[in-house]
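K.L.:
here is my input, please return the structure:
(one chain, ligands or ions: 1)
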Amino acid sequence: MRLAVNIDHIATLRNARNEFEPDPVAAALLAEKSGAAGIVCHLREDRRHIRDNDLQRLRQAVTTKLDLEMAMTQEMQHIALQTKPELITLVPEKREELTTEGGFNITTHYHTLVEFLKPFKAAGIESSIFIEPDQKAIDLTAKAGADIVELHTGSYALKTNDEERALELQRIHEAATYAKSIGLKVVAGHGLNYLNIAPFTAISEIEEVSIGHAIIARAVLTGLDKAIRELLRIIQ
Ligand code: PXP
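P.N.:
Here you go, the predicted structure:
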């Protein structure tokens, strides 16, 4: 199973001071060096983490695979076609949400989606749709011409009851098996972390997981000791 690392929250931290550190591009290069198969970033309408200039620099620096998460808007389509990431992932986007809530509503937006994807296909940019693990949504993803389905694992991650979590995992497994059987590549993400990821390694249909928050949160704590010692060496 491959790991794609979402570096949005490096930018969130950088933006807290509105200066230069930490640099999401430096984080992307480190992630690649550590074995990430791809770098994911979400250019939001409000630019709350990654900004346009970050995206351009990421495009120049990333050598594995750049996955641009975005809403289905004309502005994002224009930016993506100019930037040419290897992959776009369409997500629903609400200004007031803290993170992407729920999958893309493919039933409502199907006809717009079909037209939206055409220029990407023509430009050789792969497309992925972030949806709930639901057979109808998977059918429409394939029918719309997308290459990849990203199964939303948020409900699984939020379950605190073992039985309910197992049922959710089963739903994801069945969705992955079905999606692969109709020719889609299958990836998964949202809310996955060091404690809940293990069962996914048994789902061979899922080629890749996309993880951001848990890795950046872990990195802050595991790196703090080294950062403090380095500073103490300077001042003592
Ligand atoms: N996949 C998609 C489509 C997302 O929108 C996100 C969150 O940006 C992720 C994966 C990663 O989620 P998390 O930060 O919870 O690992």
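
K.L.:
okay, CA-based contacts and neighbour counts for the rest of this
P.N.:
OK.

K.L.:
and the helices in the protein?
P.N.:
8-17, 24-33, 52-61, 74-83, 106-122, 135-143, 154-158, 162-181, 213-235 (DSSP state H).

K.L.:
among those helices, which is nearest the ligand?
P.N.:
helix 213-235 (3.8 Å; C-alpha to the nearest ligand atom).

K.L.:
what angle do helix 24-33 and that closest one make with each other?
P.N.:
110 degrees (axes from the mean of the first three to the mean of the last three C-alpha atoms, to 10 degrees).

K.L.:
would you turn the helices of the chain into CSV with mean pLDDT and distance to residue 42?
P.N.:
As requested, these are exported to CSV (pLDDT from 0 to 100; distance: least, C-alpha to C-alpha, whole Å):
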stretch, mean pLDDT, distance to residue 42
helix 8-17, 96, 7
helix 24-33, 98, 12
helix 52-61, 98, 9
helix 74-83, 98, 10
helix 106-122, 95, 17
helix 135-143, 97, 20
helix 154-158, 96, 17
helix 162-181, 97, 23
helix 213-235, 97, 13
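
K.L.:
make TSV from these and add mean neighbour count and distance to the ligand to it.
P.N.:
Compiled in TSV, those are given as follows (neighbours: other C-alpha atoms under 10 Å; distance: least, C-alpha to the nearest ligand atom, whole Å):
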stretch	mean neighbour count	distance to the ligand
helix 8-17	18	7
helix 24-33	19	14
helix 52-61	16	15
helix 74-83	14	15
helix 106-122	14	14
helix 135-143	18	14
helix 154-158	18	8
helix 162-181	17	14
helix 213-235	11	4
